[in-house]
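*Asks:* with the sequence up front, the predicted model follows.
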Amino acid sequence: MKRYLDKFLVYLEIEKNYSPHTLLNYKLDLEEFARVLEEPDPLKITYLQLRKYLARLRDRHYKPRTLARKLSSIRSFFKFLHREGLLKNNPAVLLLTPKLDKKLPRFLSENEVVQLIESPPSNKIAGKRDRAILETLYSSGLRVSELVALNIESVDTISNLVKVMGKGKKERLVPIGEKAIEAIQDYLQQRRPGNRALFLNKNGQRLSDRGVRKIINRHILKASLKMNVSPHMLRHSFATHLLNRGADLRSVQELLGHVNLSTTQIYTHISTERLKKVYDQAHPRA
């Protein structure tokens, strides 16, 4: 199994450009699969054995999303073996994916975003950095992993564009607003030189995903927002506010770096819910 798994992971990394995080999940899922199934040769695994394995997973009461991810790992692995000509018939092709409920992403109102962005103190370098982080997340809709990977040269202050390395190592250019540019420049004027990374921690090293989450949690309390806000909620707010103000779905898809339009379409449901609420409140015969 290990020989085939190693080949599969190399394929995902080189040809599919999967992120290290995704590769690790696939590796762990398939290693668990190999242990539980106790079949050293994946070329001998049958559809019935796969069904029994999925039954075991269900008995362990995994959440539907976790179960779907584990199933996706197995299906991709056997699809790879079949594509490489190692399997005549793919035993995983008939496995059914569990139905997932689509949760509408939570977002902040425009006023709540302003409260949050303006909460860091402007008289300290840490406050200037935090303001620049919040402005950038909301102005460009970046994922937190994309934000912390930014270097100083990633930001074009003349064209108001940010060069972003997104999922699957795909590069894209994202517009960034004037307020975010001003906040970044204000921060860079006072921070210590010598590191290419745009946002640094207190030790002068590149800020981590976890560090950004801590920063946001701290300023949520200062802004008196009684909700659990993640960096991703600012991304949701970015997309929702654009659509609410008339942006088209394709443009928002490009800005967010979504491969499939269906991923972006969930934000139209949010806008629809808002319209229905306005309708119910305003129409005399609603």
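*Replies:* All right, it came through fine.

*Asks:* what's in contact with the biggest helix by length in the chain?
*Replies:* Longest helix in the chain, counting residues (DSSP state H): helix 64-83. Identification of contacts with helix 64-83 by C-beta atoms under 8 Å, 6 or more residues apart in numbering yields 4-5, 7-8, 11-12, 25-26, 29-30, 32-33, 42-43, 45, 50, 53-54, 57-58, 62, 87, 89-93, 95, 97-101. Yep, even glycine has a C-beta here, placed from its N, CA and C like the rest.

*Asks:* quick check: ChimeraX command selecting the buried ones in those.
*Replies:* Buried residues within the contacts of helix 64-83, by 16 or more other C-beta atoms under 10 Å, are selected in ChimeraX with:
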select :4,5,8,11,12,25,26,29,30,33,42,45,50,53,54,57,87,90,91,92,95
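
*Asks:* go through the contacts of helix 64-83 and flag which are in helices.
*Replies:* Cross-referencing the contacts of helix 64-83 against helices under DSSP H gives 4-5, 7-8, 11-12, 25-26, 29-30, 32-33, 50, 53-54, 57-58.

*Asks:* neighbours of I184, how many?
*Replies:* 26 (other C-beta atoms under 10 Å).

*Asks:* tell me the contacts of the nearest residue in space to it that is not next to it in sequence?
*Replies:* Excluding its sequence neighbours, the residue lying closest to I184 (C-beta to C-beta, 6 or more residues apart in numbering) is A132, at 4.7 Å. Residues in contact with A132 (C-beta under 8 Å, 6+ apart) are 180, 183-184, 186-187, 199.

*Asks:* if we can go back for a sec, how about the helix or strand just after the longest helix of the chain, which residues are buried there?
*Replies:* With elements assigned by DSSP states H and E, the helix or strand that comes after helix 64-83 is helix 110-117. Counting neighbours by 16+ other C-beta under 10 Å, one finds that the buried residues in helix 110-117 are 112-113, 115-117.

*Asks:* contacts only, for V162.
*Replies:* Counting by C-beta under 8 Å, 6+ apart, V162 makes contact with 136, 140, 142, 150, 154-156, 173-176.

*Asks:* give me the buried entries from the residues you listed.
*Replies:* 136, 140, 142, 150, 154-155, 174, 176.

*Asks:* would you list these in JSON lines and tack on pLDDT?
*Replies:* Rendered in JSON lines, the data for the buried ones among the contacts of V162 read as follows (pLDDT from 0 to 100):
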{"residue": "T136", "pLDDT": "96"}
{"residue": "S140", "pLDDT": "92"}
{"residue": "L142", "pLDDT": "93"}
{"residue": "L150", "pLDDT": "95"}
{"residue": "S154", "pLDDT": "95"}
{"residue": "V155", "pLDDT": "95"}
{"residue": "V174", "pLDDT": "91"}
{"residue": "I176", "pLDDT": "94"}
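
*Asks:* now, the residues you listed that are in helices?
*Replies:* Here DSSP H is the test, and the buried ones among the contacts of V162 give 136, 140 as lying in helices.

*Asks:* so what's the residue nearest to L161 when sequence neighbours are not counted bridging to?
*Replies:* Leaving aside its chain neighbours, L161 sits nearest to L173 (5.0 Å; criterion: C-beta to C-beta, 6+ apart). Using DSSP bridges, the bridge partners assigned to L173 are K163.

*Asks:* roughly how far does L173 sit from E254?
*Replies:* Distance of L173 to E254, computed by C-beta to C-beta, to the nearest Å: 10 Å.

*Asks:* low-confidence stretches in the chain?
*Replies:* For the chain, residues meeting the criterion pLDDT under 70 lie at 98-104, 226, 269-275, 278, 286.

*Asks:* show me how it divides into domains.
*Replies:* According to automatic domain parsing, the chain comprises the domains 2-83, 115-280.

*Asks:* most packed of the ones you listed?
*Replies:* Comparing the domains of the chain by mean neighbour count (mean count of other C-beta atoms under 10 Å), domain 115-280 ranks first with a mean of 16.

*Asks:* just the endpoints, please. Distance across that one?
*Replies:* Counting by C-alpha to C-alpha, to the nearest Å, you get 28 Å between the two ends of domain 115-280.

*Asks:* what does stretch 12-31 give?
*Replies:* End-to-end span of stretch 12-31 (C-alpha to C-alpha): 16 Å.
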